[in-house]
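> here is a sequence together with a model predicted from it:
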Amino acid sequence: MAILPAEQIDMFVADIVDVAPRGDSTSMELPIFAISSKPDKDKFRYENKETGNWLEIIPSADGRATIHDKDLLIYAFGQIAEAAQKGRKTSRRIKITAYDYLTITNRGTDGKSYKAIGDTLARLRGTVVRSNIVNTANHLSKKAEVFGLIDYGSAVTDNQGRLEYFEVMISEQLYNAITNNQILEYNREYFTLRSPYDRRMYELCRKNCTSNLPWKVKLEDIWHIFGVKSPLKEFRRKIKESVEKQAIPDYFLKYMPPEIRKGPDFLVVLSDKDRDMKKKGSESVLAT
């Protein structure tokens, strides 16, 4: 199949107001994005020894795409999915108004915030994914794929040099996930979460708690899939901080220490339909 130049692919204009953010289920589950606010230029590998599934993230000189960079994809996915539901023709080539993107994703609208869009485009374009994880019904065979998160990005400024809009070409792999409805809606409060840990925890809860609550998982298993490079001891401390804050929208977290010496510790995720429960503390919640 011939690869068409970007200008020969129809452009989809992201102009729908009040759209719920959405994410693809694969990148919600797998540790593709860096859980760091500092540049991460090291190759990252995740491997599931039970299934043989593996994933490698290869960053460019600009660093690995971060979980904050992912906001651009979440915003775009929401626009595409909503347009498709309305019967509009969509495309993986998307035009996004910079101001709309910044305000919806809870960013500032100063010069620094506009400049950061260019940095995000560079990291998304430069991050390469290698994996043998194929999202199909056939689990008898595997194949290794190499793909990027976006195929290209461009920014257009006005006469005053201010970024007016930008274009993004989402990779075919990610676009196919949207068109095949392999996506989940995010709580809009996700964009208010500043901590990379809180964002990643929300994604894992959203992916694993669609119809399975409470969700009880070994902390070590969460650590492996989280995508951090810190040791388990440091990860445990961070998770305890998240439990203390209870900042994850829609969910209530509880840390369960080992029941016996040297046994595993667990994270338990409960539904949080009543936000006031978080203010009463974990003891009152667990007593209900």
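Structure received. Residues are numbered from 1 along each chain as shown.
> in this structure, which spans are helices?
For the chain, the helices defined by DSSP state H occupy 25-29, 70-85, 98-104, 111-126, 172-179, 196-208, 219-226, 232-245, 282-286.
> can I get the ones you listed in TSV including mean neighbour count and mean pLDDT?
Using the backbone N, CA and C atoms, a C-beta is placed for each residue, glycine as well. Putting these into TSV (neighbours: other C-beta atoms under 10 Å; pLDDT from 0 to 100) gives the following:
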stretch	mean neighbour count	mean pLDDT
helix 25-29	19	92
helix 70-85	22	96
helix 98-104	18	96
helix 111-126	18	95
helix 172-179	18	91
helix 196-208	21	96
helix 219-226	17	96
helix 232-245	15	95
helix 282-286	12	44
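> quick one: which of those is nearest residue 145?
Shortest separation from residue 145 across these is recorded for helix 172-179, at 7.2 Å, computed as C-beta to C-beta.
> how confident was the prediction at residue 12?
Note on residue 12: pLDDT of 96.
> so how far is residue 152 from it?
Counting by C-beta to C-beta, to the nearest Å, the separation of residue 12 from residue 152 is 15 Å.
> again with residue 32
With distances defined as C-beta to C-beta, the gap from residue 32 to residue 152 amounts to 19 Å.
> how long is stretch 247-263 end to end?
When the termini of stretch 247-263 are compared using C-alpha to C-alpha, to the nearest Å, they are 28 Å apart.
> in that stretch, what's buried?
Of the residues in stretch 247-263, those buried under the neighbour-count criterion (16 or more other C-beta atoms under 10 Å) are 247, 248, 249, 250, 251, 252, 253, 254, 255.
> next step: those restricted to strands.
Filtering these for membership in strands, criterion DSSP state E, returns 251, 252, 253, 254, 255.
> distance check, the residue lying closest to residue 111 once chain neighbours are set aside against residue 257.
Once its chain neighbours are removed from consideration, residue 111 has its nearest residue in residue 162; the separation is 8.0 Å (C-beta to C-beta, 6 or more residues apart in numbering). In this view, residue 162 and residue 257 are 52 Å apart by C-beta to C-beta.
> re the thing from before, the more surrounded of residue 32 and residue 152?
For residue 32 and residue 152, the more surrounded residue by other C-beta atoms under 10 Å is residue 32, and the numbers stand at 22 against 15.
> show the contacting residues for that one.
Neighbouring residues of residue 32 by C-beta atoms under 8 Å, 6 or more residues apart in numbering: 55, 57, 65, 127, 129, 149, 227.
> these two touch, right, the fifth one and residue 57?
The one in question is residue 129. Yes - A contact is recorded between residue 129 and residue 57 when judged using C-beta atoms under 8 Å, the distance being 6.1 Å.
> residue 100: which of the buried residues of stretch 247-263 is nearest?
For residue 100, the nearest member of the buried residues of stretch 247-263 is residue 249. The distance, counting by C-beta to C-beta, is 22.1 Å.
> correct me if wrong: residue 132 contacts residue 53.
Yes - using C-beta under 8 Å, residue 132 is in contact with residue 53, at 6.4 Å.
> outline the domain layout of this structure.
Structural domains annotated on the chain: 6-190, 193-286, as defined by automatic domain parsing.
> what number of residues lie near residue 41?
Taking other C-beta under 10 Å as the criterion, the count of residues near residue 41 is 12.
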